[in-house]
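no sequence for this one, just the structure:
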């Protein structure tokens, strides 16, 4: 389906950008050359997928008949230190729906020759509670990783070894990966940015050196994701510079202006939320085998059917609300129900 950069690779050995990794694979260099060639001239359509069901991709295909050439995959479920005993339902759902993501990524890349990019919400290497990639949920001190012999440094390298095994699967299939570790390090909300982006840049360089010069993982295109000046790791470590951009807060005036456009959508949304809650309640009572007086169970529900129903509901909501910024905000609040 997508062979743009592969066809470009056959045009010759005219390398347009020197890779940070001197031993970069041929396929990864070809992709880097292609990205360099189109920079400022073309745009590659991409879509991040937080969960393995990937409803976003299905929706795009339904609307356009095409799929994005670049697909982002999340590795959070591959963190080795998830504390399942002290995690919220939202956290557990997110981890559950992230299972087998890399299997999907590998299959998709082999089938389509599409461009793969990875993001890693790295649960704290020493553990924590709930979503421990957030600073507030862990005591992990990123600065101590820089000190040889510390518990933090040992845990950091332990986790890197585990993730390296997953990345090697793509190297064995000669699939290049846009690798974007320690994203949004300009902020303090993730543990890798809690001590400032300068520390995150040093973590980034540690990972680059270990993956490239020790473990010989050569299919990665290294992406630095931080707009802060003065902390850039350097051209010897970075192939692509990126930044995350979020839509501005939707103001009350803008919401009032669009309110009449979304009234029917909000009623539609409320109805489906109520219906979904009834299904969830039914499921809970079926599991506990305790049905209160007056509560009627019309049919049998199992976990997979409930999840399927929830996903369909979310897809419908997003389909109905896609043109409205205020209703889009509402659908984001509902996304945790999937």
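Structure's in. What do you need? On a predicted model such as this, the values are computed, not experimentally measured, just so you know.

how about the nearest residue to residue 238, chain neighbours excluded?
Leaving aside its chain neighbours, residue 238 sits nearest to residue 224 (4.4 Å; criterion: C-beta to C-beta, 6 or more residues apart in numbering). Using the backbone N, CA and C atoms, a C-beta is placed for each residue, glycine as well.

Can you name every helix or strand that the helix or strand where that neighbour lies contacts?
Counting by DSSP states H and E, the element that carries residue 224 is strand 220-225. Under the contact definition 3 or more C-beta pairs under 8 Å, 6 or more residues apart in numbering; DSSP states H and E, strand 220-225 sits against helix 26-38, strand 177-180, helix 197-209, strand 240-242.

Give me the angle between it and helix 26-38.
Comparing the axes of strand 220-225 and helix 26-38 via axes from the mean of the first three to the mean of the last three C-alpha atoms, to 10 degrees yields an angle of 40 degrees.

Okay, now the sheet partners of strand 220-225, with direction.
Using DSSP bridges, the strands paired with strand 220-225 are strand 177-180 (parallel), strand 240-242 (parallel).

Confidence-wise, which of those is weakest overall?
Mean pLDDT values for the strands paired with strand 220-225 show the minimum at strand 240-242, a mean of 94.

Would you mark the buried spots in stretch 172-179?
In terms of neighbour count (16 or more other C-beta atoms under 10 Å), stretch 172-179 has its buried residues at 175, 176, 177, 178, 179.

of those residues, closest to residue 151?
When the buried residues of stretch 172-179 are ranked by distance to residue 151 (C-beta to C-beta), residue 179 comes first, at 25.9 Å.

Which strand residues bridge that closest one?
Bridge pairing for residue 179 - DSSP bridges - gives residue 118, residue 222.

so who does it touch?
117, 118, 167, 220, 221, 222, 223 (C-beta atoms under 8 Å, 6 or more residues apart in numbering).

wait, what's in contact with the first one?
With contact taken as C-beta under 8 Å, 6+ apart, residue 117 is in contact with 46, 70, 71, 72, 73, 177, 178, 179, 180, 223.

What of the third one?
Residue 167 makes contact with 118, 177, 179, 211, 217, 219, 220 under the criterion C-beta under 8 Å, 6+ apart.

so which of those is the most crowded?
Counting neighbours by other C-beta atoms under 10 Å, residue 220 leads the contacts of residue 167 with 27 neighbours.

what inclination does the strand holding residue 224 have with respect to helix 197-209?
180 degrees.
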